[in-house]
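Chemist: Can you look at this prediction? I've put the sequence above it.
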Amino acid sequence: MGDVLLCGPAVRAVAQQAEVVMLCGPRGADAAALLPGVSERIVWDAPWISAPAPPVHQSAVDELVRRVRAAGVDEAVILTSFHQSPLPLALLLRLAGVARITGASVDYAGSLLDVRLRPGEDLDEDLPEPERARRIAEAAGYPRDDDDHLRLRALPDTSDLTGGPGYVALHPGAAVPARMWTAEGFARTARLLVDGGRRVVITGGPGERELAQTILAACPEAIDLTGACALAQLAGVLAGADVLVSGNTGPAHLAAAAGTPVVSLFSPVVPAVRWAPYGVPVVLLGDQHAACRGTRARDCPVPGHPCLTSVTAEEVVAAVHRLRGSRAAPAPPRERAERCERSMADEGVSA
């Protein structure tokens, strides 16, 4: 979900000149439907992207080639993250008859790419992901517009679920365990916020109900929306929040796209300068110099998960208060990246 949302500014740039068919994995499909500029989606589970990876079957490859041909695609802009290669997809798109392909690759691309950006030469290694995607689109001939922020299509009114605006949203879950703060930390945060007069809404997927129950045991006054929202509804809930408290997970980027400030409990297994919530006020918490830094681990490799267990609920509540009412115009993208780098050095000041 987050990968797709962070491509939003690049998608809008392409959509100014062409009809956009968005090819993405099943976990990003609903997010693609929320992006302004997307006319059609092709959903395909790439064996070199997903974890766990699906098997490679001729029938699945044939289906992708058929669908790309049927959509009349004549050009592709492949928006990979810094650790992904565009070349497997470029090969399949060539087989589907796509005439012009742009991507960023450290490896020799041969005839697979017509426009190739070289990370570290043509692309700064520490660009935030939305800026990386925009640079790739620019190289393809689609210049950026004046709006660098993440954006969403019109969202549903969710006041019947939340009781109206003016609450703090807590999203305790994450698909990757290494990026999760403790349930006990979220529970104490909820308790402190409610005791301080704040309304609290808990969000999460159907598989996170047990996690929500830990929080509700400590704070039964919280509104539990775990498993109750489709993605567009979740976006509406996050748009109505004063602040979201979350780990580095898709809903943090969904909140940023909705314009909501984020208290980001950020495990440094991936770099915050690339992956912190983009274009909104953020307080980054967590030890960004912990031993797990840059490992891209899915499960914490350090006993006790110290990068995040070192964060207290009191620190989180203080960060919520700092961000309350901060829906001001965000800093320009490069300034935001520089501030994020400084926040990593200072271990958790506003980014």
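Modeler: Happy to help now that I have it.
Chemist: quick one, strands of this structure?
Modeler: Listed in chain order, the strands of the chain (DSSP state E) span 20-24, 38-43, 75-77, 100-104, 115-117, 167-171, 199-202, 223-224, 241-247, 262-265, 282-285.
Chemist: Same list, those strands, but as CSV with mean neighbour count and distance to L161 please.
Modeler: Every C-beta, even on glycine, is put in place using the N, C-alpha and C of the backbone. Rendered in CSV, the data for the strands of the chain read as follows (neighbours: other Cβ atoms under 10 Å; distance: least, Cβ to Cβ, whole Å):
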stretch, mean neighbour count, distance to L161
strand 20-24, 21, 27
strand 38-43, 17, 26
strand 75-77, 22, 37
strand 100-104, 23, 40
strand 115-117, 19, 43
strand 167-171, 26, 11
strand 199-202, 22, 8
strand 223-224, 18, 8
strand 241-247, 27, 12
strand 262-265, 30, 20
strand 282-285, 26, 25
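Chemist: any idea how far V201 is from A241?
Modeler: 7 Å (Cβ to Cβ, to the nearest Å).
Chemist: any idea how far V283 is from A183?
Modeler: A183 sits 21 Å away from V283, taking Cβ to Cβ as the criterion.
Chemist: same check, this time on A290
Modeler: As defined by Cβ to Cβ, A290 lies at a distance of 18 Å from V283.
Chemist: Please apply the same query to V317.
Modeler: Distance from V317 to V283, counting by Cβ to Cβ: 11 Å.
Chemist: What does the pLDDT read for A228?
Modeler: On the pLDDT scale, A228 is placed at 95.
Chemist: err, G348, not the other one
Modeler: Note on G348: pLDDT of 43.
Chemist: try A169
Modeler: Here, the pLDDT recorded for A169 equals 98.
Chemist: which residues sit in contact with the closest residue to it other than its chain neighbours?
Modeler: Sequence neighbours aside, A241 is the residue nearest to A169 in space, at 4.0 Å (criterion: Cβ to Cβ, 6 or more residues apart in numbering). Shown here is A241, whose contacts under the criterion Cβ atoms under 8 Å, 6 or more residues apart in numbering are 165, 167-169, 201, 255, 260.
Chemist: same deal with A32?
Modeler: Under the criterion of Cβ under 8 Å, 6+ apart, the contact list for A32 reads 4, 22, 24, 38, 41.
Chemist: For the chain, which helix or strand comes out least confident on mean pLDDT?
Modeler: The helix or strand of the chain with the lowest confidence, counting by mean pLDDT, DSSP states H and E, is helix 333-346 at a mean of 39.
Chemist: For G72, see how far away the closest residue in space to H83 that isn't next to it in sequence is.
Modeler: Here the nearest residue to H83 in space, its sequence neighbours aside, is R296; by Cβ to Cβ, 6+ apart that works out to 6.9 Å. According to Cβ to Cβ, R296 stands 37 Å off from G72.
Chemist: now C307
Modeler: As defined by Cβ to Cβ, C307 lies at a distance of 47 Å from G72.
Chemist: neighbour count winner among these two?
Modeler: Between C307 and G72, C307 has the larger neighbour count (other Cβ atoms under 10 Å), namely 26 against 10.
Chemist: Let's see the pLDDT reported for the more buried one.
Modeler: C307 is assigned a pLDDT of 93 by the prediction.
Chemist: Kindly report the same for E131.
Modeler: According to the predicted model, the pLDDT of E131 comes to 95.
Chemist: beta partners of the nearest residue to A109 once chain neighbours are set aside?
Modeler: Once its chain neighbours are removed from consideration, A109 has its nearest residue in R116; the separation is 5.0 Å (Cβ to Cβ, 6+ apart). Here R116 shows beta-bridge partners G103, assigned using DSSP bridges.
Chemist: Can you read off the pLDDT for A329?
Modeler: A329 carries a pLDDT value of 43.
Chemist: how many other residues sit next to the closest residue to T80 other than its chain neighbours?
Modeler: Take T80 and drop its neighbours on the chain: the residue closest to it by Cβ to Cβ, 6+ apart is P86, 5.0 Å away. Other residues within reach of P86 by the criterion other Cβ under 10 Å amount to 25.
Chemist: one step back: which residues are in contact with each of V201 and A241?
Modeler: With contacts taken as Cβ under 8 Å, 6+ apart, the residues that reach both V201 and A241 are 167-169.
Chemist: what stretches of this structure score poorly on pLDDT?
Modeler: By pLDDT under 70, the weakly predicted segments of the chain are 327-351.
Chemist: can we see that at 80?
Modeler: 145-146, 325-351 (pLDDT under 80).
Chemist: Break it into its domains for me.
Modeler: With automatic domain parsing serving as the domain definition, the record reports that the chain contains domains spanning 2-139, 159-346.
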